[in-house]
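J.: requesting a structural model of the entry that follows:
(one chain, ligands or ions: 1)
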Amino acid sequence: MNAQDLNKKKAAEFATKYIEAGMTVGLGTGSTVAFFLDALAEKNIEFTGVTTSNRTAARGAELGLKIVDVDEVDHIDVTVDGADQVDTYLNGIKGGGAALLMEKIVAKNSNKNIWIVDESKVKPTLGTFPLPVEVVPYGSGQLERKLAAKGLNPTFRMTDAGEKLVTDGGHYILDLHLNGIDSPELLSQFLSNEIGVVEHGLFLNTADTVIVGGDEIQVLDRQH
Ligand SMILES: O=C(CO)[C@H](O)[C@H](O)COP(=O)(O)O
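T.: Residues are numbered from 1 along each chain as shown. All right, here's what the predicted structure looks like:
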């Protein structure tokens, strides 16, 4: 296992401390969450997992975990998810695994949000990781041209087979290749107001705690 994966695994295993029997737990998506699912299965406690993607639902089922959809629960105690980049205010970019829409829905319905990342993902400011924007297929070419004219350097996310990637929700992803984001709030507002944008990967004021895997585990808590 390479150093980055080892650090993801360390953060994921540490996060299981926050999960108690009987809880309803939002389960994010991605390789770090995959380590978390393994560690949770090993912990062998009863809990209800709320999925954020077909991938997480399938892996959870393989591990014998109880996995349900978000509308089947009346609350979510805590959600554990990965992130692609996290800044010093604990804002982040997510969606590298194309699950940002369901991840945001689950996060916004959770009492607490914990992110698990390796240390390479913590940056002073956001934006060197391409910002995913989930868009309705109809008119997405027009939207691409509009975002390009704004200097946001969009590219459609493609599959290995050279097709436009389709998310679990049936949408496309436009990745914005930015050179840093001066104001995440303004960009978030702009994108949310664009017709055809379903959701974007800026997760602002969402994470309560970020667990950073490195030589040592660092726990960063949001100052409310
Ligand atoms: O937002 C996500 C999926 O949409 C993931 O949490 C993010 O891409 C991190 O992935 P990984 O743990 O594989 O590095």
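J.: domain map for the chain?
T.: Domain segmentation of the chain under automatic domain parsing yields 3-122+204-221, 131-200.
J.: please tell me how far the most far-flung residue of the chain relative to its centre sits from Ile211.
T.: Centroid-distance maximum for the chain: Ala149 at 27.5 Å, with Cα atoms, centre = their mean. Using Cβ to Cβ, to the nearest Å, Ala149 is found at 40 Å from Ile211. Using the backbone N, CA and C atoms, a C-beta is placed for each residue, glycine as well.
J.: likewise for Lys43?
T.: Distance from Lys43 to Ile211, by Cβ to Cβ: 16 Å.
J.: next: Lys17.
T.: When Lys17 is compared with Ile211 (using Cβ to Cβ), they lie 9 Å apart.
J.: so who does Val33 touch?
T.: When the contact criterion is Cβ atoms under 8 Å, 6 or more residues apart in numbering, the partners of Val33 are Ala12, Leu27, Thr56, Val80, Asp81, Gly82, Ile116.
J.: near the ligand at all, the host helix or strand of it?
T.: In the assignment (DSSP states H and E), Val33 maps to helix 31-43. Yes. Judged by Cβ under 6 Å from any ligand atom, helix 31-43 comes into contact with the ligand at Ser31, Thr32.
J.: residues of that helix that come out buried?
T.: Ser31, Thr32, Val33, Ala34, Phe35, Phe36, Leu37, Asp38, Ala39, Leu40, Ala41 (16 or more other Cβ atoms under 10 Å).
J.: beyond that helix, next helix or strand please.
T.: Where DSSP H and E defines the elements, the next helix or strand beyond helix 31-43 is strand 48-51.
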